[in-house]
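Colleague: A predicted structure for the sequence below; I have some questions about it.
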Amino acid sequence: MLLPWLLRLAWLSLPLTAGSVLADALHERSTSVQLVVAVVAWAVWAMVVLALLVPRPMGLTALRVVAPAALAAAVWASTETGDGAVLVALAAVPLILSFLPEVGEWMVNGGAYGYERRYLLRAPGALLLGPIAVAEVALVAGALTGPLLLAAHRWLAGAVALVAGGAVVVVCARALHQLSLRWAVLVPAGLVVKDHVTLLDPILFKRTLVEVLQPAPADTDALDLTARAPGVPLELRLKESEPVMLITPGKRANQPGHTAKLMFTPTRPGALLADAGTRRIPTQPASPPPATSSPT
């Protein structure tokens, strides 16, 4: 697979692009501030290098938090120095690659077991309108503010920011990582839907009970597990009703029920359908038997 190697090369080049511009912008800052920024930047860069060498869902979360932060730092540095536009453009390459659906699928499958194949679900629509970006900004700010204040010899403010920022980092990192753990999983027995946003527990739908897995028709009345995510939803139609335990926002009690039809939104619906077809999961509705004419 070529894409992971392109991402690795792009990330390895980041010290020469974003790092170079950032170093120029910090040239007139105090030695302690330069040292803190350098240590943090190299440590985070190395952490993502490791994540790309050993792909895991946690590495995907780290990549998708750090890549925007790296580009933002390069843009800030470029405005400070008044040059480096080309280097900033090159620093955007890892960011663009990191959010490709194929990259997400590659990284979450680094922790897959045996014959299973994981397909990421798209983020809920409401979270795409701002909460995800706010959480990423809060995480980065919470991690950097304390050390930078201490480096500037603002001891009291730095100590307070260090403690408060640590709490913010834990909360935001946990929330963002949950988005990397929402999957539709093809397993030998069938299809598992693992989505803590809409379902209390992962549910296995056995292959023998699947009538069809297909793009959801516009007029479908299937149980909606898409969380209003953009994209092409898939409809899973079963031969009989299966029990589900739904998470209902705003209510303390979860809602038990049964359904024979549900829909969800993977990041790569076409790839999921193609893979399901090779695993003897029907991806086309069964054709009705031909009508026979009665003798007259």
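Modeller: Yep, that arrived.

Colleague: Next secondary structure element downstream of the helix or strand harbouring Leu9?
Modeller: Assessed by DSSP states H and E, Leu9 sits inside helix 2-12. Sequence-wise, the next helix or strand downstream of helix 2-12 (DSSP H and E) is helix 14-25.

Colleague: now for that next one, which elements pack on it?
Modeller: In this structure, helix 14-25 packs against helix 31-53, helix 57-81, helix 85-98, with contacts taken as 3 or more C-beta pairs under 8 Å, 6 or more residues apart in numbering; DSSP states H and E. Every residue, glycine included, has its C-beta placed from N, CA and C.

Colleague: and the ones you listed, which is most packed in?
Modeller: Mean neighbours per residue, mean count of other C-beta atoms under 10 Å, is largest over the helices and strands packed on helix 14-25 for helix 57-81, with a mean of 21.

Colleague: Now find how far off-centre that helix is within its chain.
Modeller: Taking C-alpha atoms, centre = their mean, to the nearest Å, one finds the center of helix 57-81 at 16 Å from the center of the full chain.

Colleague: Quick one: mean pLDDT over it.
Modeller: For helix 57-81, mean pLDDT rounds to 94.

Colleague: Check stretch 23-36 too.
Modeller: 90.

Colleague: Need the CA coordinates for that stretch. CSV is fine.
Modeller: What follows is stretch 23-36, C-alpha atoms only, in CSV (Å, rounded to 0.1, in the frame of the first residue of the first chain):
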residue,chain,number,x,y,z
ALA,A,23,12.9,27.9,14.4
ASP,A,24,13.2,31.2,12.5
ALA,A,25,10.2,32.6,14.2
LEU,A,26,11.6,31.7,17.7
HIS,A,27,15.1,33.1,17.0
GLU,A,28,14.6,36.2,19.1
ARG,A,29,12.7,34.5,22.0
SER,A,30,14.4,33.5,25.2
THR,A,31,16.6,30.4,25.3
SER,A,32,14.3,28.7,27.8
VAL,A,33,11.3,29.2,25.5
GLN,A,34,13.2,28.0,22.5
LEU,A,35,14.3,24.9,24.5
VAL,A,36,10.8,24.1,25.7
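
Colleague: re the thing from before, using PDB, write out every CA atom in the helix holding Leu9.
Modeller: Provided in PDB are the C-alpha atoms of helix 2-12 (Å, rounded to 0.1, in the frame of the first residue of the first chain):
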ATOM      1  CA  LEU A   2       1.600   3.200  -1.200                       C
ATOM      2  CA  LEU A   3      -0.300   5.700   0.900                       C
ATOM      3  CA  PRO A   4       1.200   4.800   4.300                       C
ATOM      4  CA  TRP A   5       4.700   5.300   2.900                       C
ATOM      5  CA  LEU A   6       3.700   8.700   1.400                       C
ATOM      6  CA  LEU A   7       2.400   9.800   4.800                       C
ATOM      7  CA  ARG A   8       5.500   8.500   6.600                       C
ATOM      8  CA  LEU A   9       7.800  10.400   4.100                       C
ATOM      9  CA  ALA A  10       5.700  13.600   4.500                       C
ATOM     10  CA  TRP A  11       5.800  13.300   8.300                       C
ATOM     11  CA  LEU A  12       9.600  12.700   8.300                       C
END
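
Colleague: Restricting to C-alpha, output stretch 167-174 in CSV.
Modeller: Below are the C-alpha coordinates for stretch 167-174, written out as CSV (Å, rounded to 0.1, in the frame of the first residue of the first chain):
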residue,chain,number,x,y,z
ALA,A,167,-7.0,17.9,33.2
VAL,A,168,-8.1,19.5,29.9
VAL,A,169,-5.7,17.3,28.0
VAL,A,170,-7.0,14.1,29.6
VAL,A,171,-10.6,15.0,29.0
CYS,A,172,-10.2,16.1,25.4
ALA,A,173,-7.8,13.3,24.4
ARG,A,174,-10.2,10.7,25.7
